[in-house]
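Trainee: give me a model of this one.
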Amino acid sequence: MGGRVIYVPIASPIHDPDAVRAVNDSIKGSIKDLIHGEQGVTTTVSGVRELGVEGVAAYVAPVLTGGTEHLVLELARKGAPVAVVAHRGQNSLAASLEAISRIRYEGLPAHLLMFGDRGFRESLEVFLRASRAYSGVRGSRVVLVGEPSPWLIYSNEQLGALRKLLNLKFVRVGVDEVVNDAARVSEGEVGEALRRFRGADMVGVGVEDVARAVKVYVALRRVLNRAGARVLTIRCFDMLDYGLTACLALSMLNDEGFTAGCEGDVPSAVTMALLSGVSSRPSFMGNIAWVEGGEVLVAHCTVATKLVANYRLRTHFESGLGVGVEGSLPKGSTVTMARLDALRGVIRAGVGEVVNEGPVTRDACRTQVLVRLKGGLKLVENPMGNHYVITPGDYRRELEVLAGLLNLGYEEV
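Mentor: Numbers count the residues shown, from 1 in each chain. You can find the predicted model right below:
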């Protein structure tokens, strides 16, 4: 996700300007390739208030001296995440601790970093990935195609909490509107999209089935464009009444950098958007199909093809209709699993290893990811709902920082 990183050094006007300049040059020189713009040393509230916030993903604010707490607070009140950077001298840490305590009390997004720590630069990069996810999702529009599925009796309770937490704007669209739009998609548009699947292995489905599924993709993409949105979730089982599924369409959208989730599950779609935000990769939403012996089976009938080593097109598991995606994440790869629970106020995350190369059972959805996860049993012993989200890589640190920016707890499994 994009967004500019702005360097805003902060100091008291009464401190030695040479000392201030020296430490500022040292901090800036170590991270200059990570920032996109900078301010001169800021010493007044009016100077902070003049700073623009449009298009800013994060501020990096070295606290060069003491007596600056009110300036750091004023910067945080602009709404973009702030890396409050303390150093060893000039009462910097003392001011930073006081400032960030008030910032957190006000529920504003900020994170404290220590310049001089061996891992300072790496920690700043973690913060910036978390900040881009935060800024990319907060205040965004989320398209709800149909109402959330009726069986999501816990997840459905979270819409209000999610709206408040991330200032989300829900755009509601009927399933019938998507079906009608799909029927009007031209053959030329279908042919262009079908080229993605030239040579793809198909089992139980044909080119005509794929063409119908591609029309749903085109229709959903138009919905997103009209809404000015990047995130969508659809009550996909209602599509079965028309002999259609959304599985392939969602796969295609996720491959293109949108976030597209199933079953009208808003918490999962938001988790997908946040996890994709920190990883810059698509994410996969699935059912917790089974947990046993330190392994968790996550399964659904769609996955972004950019995530998998190979895939084939099949029917939707439960209905035998439409087109689903049976994909295999690379065996031995590291993945992060996560879920945001806005009612409990927590992000839960864990990292594990993919241990399968293809489906492990006929009794679960088409894409199956068997993850060796040390704390997997916790998903059953202390449940937070059904769906979890997976992306390649280890992003626990980013999610912990993100939880802090959102004033949420962080729980590792």
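
Trainee: domains in this structure, by residue range?
Mentor: 4-137, 141-412 (automatic domain parsing).

Trainee: make a markdown table out of those domains and add mean pLDDT and mean neighbour count.
Mentor: Backbone N, C-alpha and C define where each C-beta goes, glycine included. A markdown table is the format used below for the domains of the chain (pLDDT from 0 to 100; neighbours: other C-beta atoms under 10 Å):
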| stretch | mean pLDDT | mean neighbour count |
| --- | --- | --- |
| domain 4-137 | 97 | 19 |
| domain 141-412 | 97 | 20 |
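
Trainee: need phi/psi at G116.
Mentor: With angles defined as degrees, to the nearest 10, G116 sits at phi 110, psi -20.

Trainee: so what's it up against?
Mentor: 87-88 (C-beta atoms under 8 Å, 6 or more residues apart in numbering).

Trainee: same question, E69
Mentor: 95, 98-99, 102.

Trainee: mind doing that once more with 10 Å?
Mentor: Counting by C-beta atoms under 10 Å, 6 or more residues apart in numbering, E69 touches 10, 63, 94-103.

Trainee: may I ask which two of the residues you listed are separated the most?
Mentor: Using C-beta to C-beta, the contacts of E69 reach their maximum pairwise distance at I10 and S101, which is 16.4 Å.

Trainee: quick one on the thing from earlier: quick one: which of the contacts of E69 sit in strands?
Mentor: Among the contacts of E69, no member falls in strands (criterion: DSSP state E).

Trainee: all helices for the stretch 101-250 of the chain, in order.
Mentor: For the stretch 101-250 of the chain, helices defined by DSSP state H, counting those that start in this stretch occupy the ranges 120-137, 159-166, 175-183, 187-194, 207-227, 247-255.

Trainee: of those, which is nearest P383?
Mentor: Closest to P383 of these is helix 159-166 (C-beta to C-beta; 17.5 Å).

Trainee: what's in contact with the closest one?
Mentor: Here helix 159-166 makes contact (C-beta under 10 Å, 6+ apart) with 134, 137-140, 142, 144, 148, 155, 158, 168-170, 266-267, 269-270, 273-274, 340-345, 406-408.

Trainee: try it again with 7 Å
Mentor: Residues from elsewhere that reach helix 159-166 (C-beta atoms under 7 Å, 6 or more residues apart in numbering): 137-138, 168, 170, 266-267, 270, 342-343, 406.

Trainee: got it, and stretch 311-323?
Mentor: 197, 200-205, 209-210, 213, 240, 243-245, 247-248, 301, 305, 324-327, 365-366.

Trainee: quick check: A133 touching L274?
Mentor: Yes: using C-beta atoms under 7 Å, A133 is in contact with L274, at 5.0 Å.

Trainee: so of the contacts of helix 159-166, which ones are in strands?
Mentor: Among the contacts of helix 159-166, DSSP E puts F170 in strands.

Trainee: of the contacts of helix 159-166, which is the nearest to V278?
Mentor: Nearest to V278 among the contacts of helix 159-166: V137, at 10.6 Å, using C-beta to C-beta.

Trainee: check contacts around the closest residue to the closest one other than its chain neighbours.
Mentor: Spatially, and ignoring its direct neighbours in sequence, V137 is nearest to A273 (5.0 Å; C-beta to C-beta, 6 or more residues apart in numbering). By C-beta under 7 Å, 6+ apart, the contact set of A273 is 137, 231, 259.

Trainee: okay, and A273 sits in which element?
Mentor: Using DSSP states H and E, A273 sits in helix 266-279.

Trainee: where along the stretch 251-400 of the chain do the helices fall?
Mentor: Going by DSSP H, counting those that start in this stretch, the stretch 251-400 of the chain shows helices at 266-279, 378-381, 396-405.

Trainee: between those, which gets nearest to I35?
Mentor: Short answer: helix 396-405, nearest of those by C-beta to C-beta, at 17.9 Å.

Trainee: list the contacts of that closest one.
Mentor: Residues outside helix 396-405 that contact it (C-beta under 7 Å, 6+ apart) are 81, 109, 111, 126-127, 129-131, 133-134, 274, 278, 336, 338, 347, 349, 351, 409-410, 412.

Trainee: about what we covered before: of the contacts of E69, which belong to helices?
Mentor: Those of those mapping onto helices are 94-103, per DSSP state H.

Trainee: using TSV, lay out the residues you listed together with distance to F120.
Mentor: Shown next, in TSV, are these (distance: C-beta to C-beta, whole Å):
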residue	distance to F120
A94	19
A95	18
S96	14
L97	17
E98	21
A99	18
I100	16
S101	21
R102	23
I103	20
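
Trainee: any idea of the angle the helix holding A273 forms with helix 120-137?
Mentor: 140 degrees (axes from the mean of the first three to the mean of the last three C-alpha atoms, to 10 degrees).

Trainee: got the angle between helix 266-279 and helix 159-166?
Mentor: 30 degrees.

Trainee: from L75, how far off is the residue most central in space within the chain?
Mentor: Centroid check for the chain by C-alpha atoms, centre = their mean gives L274 as the closest residue, at 1.4 Å. For L274, the distance to L75 equals 24 Å [C-beta to C-beta, to the nearest Å].

Trainee: picking that back up, output the helices of the stretch 251-400 of the chain in JSON lines; the columns should cover distance to V45.
Mentor: Shown next, in JSON lines, are the helices of the stretch 251-400 of the chain (distance: least, C-beta to C-beta, whole Å):
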{"stretch": "helix 266-279", "distance to V45": "31"}
{"stretch": "helix 378-381", "distance to V45": "46"}
{"stretch": "helix 396-405", "distance to V45": "23"}
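
Trainee: among these, which is nearest K32?
Mentor: When the helices of the stretch 251-400 of the chain are compared by C-beta to C-beta, helix 396-405 sits nearest K32, at 21.7 Å.

Trainee: next structured bit after the closest one?
Mentor: The helix or strand immediately downstream of helix 396-405 is strand 409-412, counting by DSSP H and E.

Trainee: please enumerate residues in contact with that next one?
Mentor: Applying C-beta under 7 Å, 6+ apart, the set of residues contacting strand 409-412 is 345-350, 396, 399-400, 403.

Trainee: one more pass at 6 Å, please.
Mentor: The contact list for strand 409-412 (C-beta atoms under 6 Å, 6 or more residues apart in numbering) reads 345-348, 400, 403.

Trainee: and that strand, which strands flank it?
Mentor: strand 346-354 (parallel) (DSSP bridges).

Trainee: name the helix or strand for G29, please.
Mentor: Assessed by DSSP H and E, G29 sits inside helix 17-31.
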